[in-house]
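Asker: Generate coordinates for the sequence data below:
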Amino acid sequence: MTMPFYVSPEQLMKDRADFARKGIGRGRGVVAVQYGDGIVLVSENPRSLHKISEIYDRVAFAAVGRYNEFENLRIAGVRLADMRGYAYDRRDVTGRGLANAYAQTLGTIFSSGGEKPYEVEIFVAEVGDVAGADELYRITYDGQMVDEHGFAAMGGDAESVSTYLREHWTEAGSLTDALRLAVAALGHGPDGDRHIPAHDLEVAALDRTRTQPRKFRRLTARTLRDVLGPDAESPSDAVPDDDSSAAGGGEASHQPQVPDDPADPTDTASSVPPLEDPVTGEPPERREPTRPDDSPDDSPVAPPLDRGDPTS
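Answerer: Just a heads-up that it's a prediction; the model follows:
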């Protein structure tokens, strides 16, 4: 009888942690920065697969790592928030409650020997009525939950990004300042600073100044160009802001509306077919010109009203 291969629990946990950290480090990072009116989440993500999404009215979700794994977690969080808000009250859905649920799930998966650990890290952010009520949590691959303040970074070269944020972050700044700081931090590395164009960024904000209950707002390349300057211009800057993501509400577009030119012969959408003549049924261009001596009785006239007829 052969003896099973023995691995100490310490070595097993270390191997699982190294495996998860390597998978997370291969991806591009996400930065969360608090500012005076909310929290902005920024990621270098040129693809259409979102790393940043809305969970509930005031709660946002961001993740790095394997897409299929953190997408399953995002969907589970949306379902949990919807069920809790429907069964109790919408105010009972909090960022802390969702972060605790994520921490328990990831911790159970990491400790289990039957499956590999999830190669993900998660941000759960909640915006309050005032800046002091904002909450930002980071949940690691092993279920550890950290309450962050002011700023946080995960994925990629998170250490150098966090160092840059710590040196340059100021409290109660504007959205423009927070966004510029986040982009500069993502471009900062041990090999020097690099420029990140607007079309390579995914940006969303939890803005407490919005009048509707849902505070999540997604920013597109056109808005980023206006904030970051002409150097961030991209081919997609003509796309209006999209606030209707994964469960987001809509807003008026910032794209100026240009009226149609009625004299433009190529404008087929605004062209109206000519009206037909009520007598001949022919369009105006096919009718013969009216002569001055035409009799006015050519058009049909209703018969005079007979006041003695009771049916009239």
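
Asker: Please make it C-alpha for all contacts and neighbour counts, starting now.
Answerer: Noted.

Asker: how many other residues sit next to residue 174?
Answerer: Neighbourhood size, residue 174 [other Cα atoms under 10 Å]: 14.

Asker: ok, it touching residue 38?
Answerer: No: the criterion here is Cα atoms under 8 Å, and residue 174 misses it with residue 38 at 9.2 Å.

Asker: what about the nearest residue to residue 144 once chain neighbours are set aside, neighbour count?
Answerer: Nearest non-adjacent residue to residue 144, counting by Cα to Cα, 6 or more residues apart in numbering: residue 103, 6.2 Å away. For residue 103, the neighbour count with other Cα under 10 Å is 22.

Asker: Report pLDDT for residue 103.
Answerer: We have a pLDDT of 96 for residue 103.

Asker: Distance check, it against residue 45.
Answerer: 25 Å (Cα to Cα, to the nearest Å).

Asker: And residue 183, by the same measure?
Answerer: Distance, residue 183 to residue 45, using Cα to Cα: 12 Å.

Asker: just residue 164 next, same as before
Answerer: As judged by Cα to Cα, residue 164 and residue 45 stand 20 Å apart.

Asker: Kindly report the same for residue 219.
Answerer: In this view, residue 219 and residue 45 are 13 Å apart by Cα to Cα.

Asker: joint contacts of the two?
Answerer: Residues touching both residue 219 and residue 45 (Cα atoms under 8 Å, 6 or more residues apart in numbering) are residue 202.

Asker: Comparing residue 183 and residue 45, which residue is more hemmed in?
Answerer: For residue 183 versus residue 45, neighbours defined as other Cα under 10 Å are more numerous around residue 183 (23 against 19).

Asker: Do I have it right that that one meets residue 196?
Answerer: Yes: look at residue 183 against residue 196 with Cα under 8 Å: they come within range, at 7.2 Å.

Asker: Tell me the pLDDT of the closest residue to residue 107 other than its chain neighbours.
Answerer: Leaving aside its sequence neighbours, residue 107 sits nearest to residue 143 (Cα to Cα, 6+ apart; 3.9 Å). Per-residue confidence (pLDDT) for residue 143: 93.

Asker: Over to residue 143. Which of the three states is it?
Answerer: coil (DSSP: H, G, I helix; E, B strand; the rest coil).

Asker: do residue 146 as well
Answerer: Following three-state DSSP, we place residue 146 in the strand state.

Asker: avg pLDDT for the helix or strand hosting residue 84?
Answerer: Using DSSP states H and E, residue 84 maps to helix 67-87. The pLDDT scores in helix 67-87 average 94.

Asker: Return the set of buried residues in it.
Answerer: Buried positions in helix 67-87, judged by neighbour count with 16 or more other Cα atoms under 10 Å: 70, 71, 73, 74, 76, 77, 78, 80, 81, 82, 84, 85.

Asker: what about residue 192, how many neighbours?
Answerer: With other Cα under 10 Å as criterion, residue 192 counts 7.

Asker: Let me see the ranges of the helices in this structure.
Answerer: 9-25, 67-87, 95-111, 158-168, 175-187, 221-228 (DSSP state H).

Asker: Please dump these into a markdown table; it should also carry distance to residue 58 for every row.
Answerer: Shown next, in a markdown table, are the helices of the chain (distance: least, Cα to Cα, whole Å):
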| stretch | distance to residue 58 |
| --- | --- |
| helix 9-25 | 27 |
| helix 67-87 | 11 |
| helix 95-111 | 8 |
| helix 158-168 | 24 |
| helix 175-187 | 17 |
| helix 221-228 | 22 |
